[in-house]
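S.K.: Fold the following and give me the result.
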Amino acid sequence: MLLVIDIGNTNIVLGVYKGKVLLNSWRISTQRERTVDEHGILMREFFQIAGLNPEQVRGVAISSVVPPLTGVLEETSRRYFHQDPLVIEPSLHAGMPILYDNPKEVGADRIVNAVAAFDMFGGPLIIVDFGTATTFCAVSERGEYLGGVITPGISISAEALFQRTAKLPKVGIRKPEKVIGKNTVSSIESGLFYGYVSLVDGIIGRMKRELGSNPIIIATGGLAHLIGDESQEIQKVLPHLTLEGLRIIFEKNRGQRS
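M.R.: Model prediction:
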């Protein structure tokens, strides 16, 4: 079995593969103060509840945008799964040229998503990842990572609105029935939801014009279904795209690691 770990700013997503089949996945909050042992015990409990044997893990792949936790999860892999993990970095053989001015600036999650999406559909592509930040990544027809856009995530926008205003209440992220709100809460919900859908569709439209092509538009991340169902541009919603990319990159590098 292969254990894949995606360390994000808000959540850590875990997945277990047997071959190309995702057996199970879990999502835990990202806590920088959590120790190696706490992560290890928690993961092994997940395995036990799912009826999986952690001793059957034969590889671990990690992507991370939280540097303080990268080393912690690497050590967790060694101590609790007896595996030296593959950590995704721009210098790693991912099978995709990165045409960024400085490839080291590209987040590991963006590389992993791009590799997975191109493996599934070919190119050109635009991948939208709804995380703490929302990222838009462009991939060429030849499988080159071209660059993209980074915006504040919808949850960050909601939190900023609550913190920076004296009288507006904190609300959850949901699709209201109507655009025109009849009270403060519904008005905020409408602004957050429909405003963000318009942001997503507007950026995708501009990227398509700049690319001069008709790319496949893929969404992933925690709020992908919520926004994707309303978007006029998003074509496919793949919640486990990052986990799939980790599996693909691990397989590509297996020979080099043996």
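S.K.: looking at it, V128 is touching T135, isn't it?
M.R.: Yes: the pair V128 and T135 passes the contact test of C-beta atoms under 8 Å, sitting 7.3 Å apart. Just so you know, the C-beta spots here come from the backbone N, C-alpha and C atoms, and that holds for glycine as well.
S.K.: neighbour-wise, which of these two wins?
M.R.: The residue with more neighbours, out of V128 and T135 and counting by other C-beta atoms under 10 Å, is V128; that gives 28 against 22.
S.K.: same for the host helix or strand of that one, what does it pack against?
M.R.: In this assignment (DSSP states H and E), V128 forms part of strand 125-130. Judged by 3 or more C-beta pairs under 8 Å, 6 or more residues apart in numbering; DSSP states H and E, the packing partners of strand 125-130 are helix 108-121, strand 133-139, helix 184-211, strand 216-221, helix 224-228, helix 241-257.
S.K.: could you dump these to TSV with mean pLDDT and distance to V60?
M.R.: Below are the helices and strands packed on strand 125-130 laid out as TSV (pLDDT from 0 to 100; distance: least, C-beta to C-beta, whole Å):
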stretch	mean pLDDT	distance to V60
helix 108-121	95	14
strand 133-139	97	24
helix 184-211	95	33
strand 216-221	97	21
helix 224-228	94	25
helix 241-257	86	8
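S.K.: Save those as CSV, and put in distance to L86 too.
M.R.: Output for the helices and strands packed on strand 125-130, formatted as CSV (distance: least, C-beta to C-beta, whole Å):
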stretch, distance to L86
helix 108-121, 11
strand 133-139, 21
helix 184-211, 31
strand 216-221, 21
helix 224-228, 26
helix 241-257, 5
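S.K.: Show me the one of the ones you listed that comes nearest K18.
M.R.: Closest approach to K18 among those is made by helix 241-257 (10.5 Å; C-beta to C-beta).
S.K.: Tell me which of the helices and strands packed on strand 125-130 lies nearest to L168.
M.R.: helix 184-211 (6.4 Å).
S.K.: Run the angle between the closest one and strand 133-139 for me.
M.R.: Here the directions of helix 184-211 and strand 133-139 differ by 20 degrees (axes from the mean of the first three to the mean of the last three C-alpha atoms, to 10 degrees).
S.K.: other SSEs contacting helix 184-211?
M.R.: Judged by 3+ C-beta pairs under 8 Å, 6+ apart, helix 184-211 is in contact with strand 125-130, strand 133-139, strand 145-152, helix 154-164, helix 224-228.
S.K.: Just checking: what are the partner strands of the helix or strand just after the shortest one?
M.R.: Where DSSP H and E defines the elements, the next helix or strand beyond helix 224-228 is strand 236-237. Strand 236-237 pairs in its sheet with strand 216-221 (parallel), by DSSP bridges.
S.K.: Alpha carbons of the partner strand, as PDB, please.
M.R.: Extracted in PDB, the C-alpha atoms of strand 216-221 (Å, rounded to 0.1, in the frame of the first residue of the first chain):
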ATOM      1  CA  ILE A 216     -10.500  21.500 -19.900                       C
ATOM      2  CA  ILE A 217     -11.400  23.200 -16.600                       C
ATOM      3  CA  ILE A 218     -11.000  21.100 -13.400                       C
ATOM      4  CA  ALA A 219     -11.800  22.000  -9.800                       C
ATOM      5  CA  THR A 220     -10.500  20.400  -6.600                       C
ATOM      6  CA  GLY A 221     -10.300  21.200  -3.000                       C
END
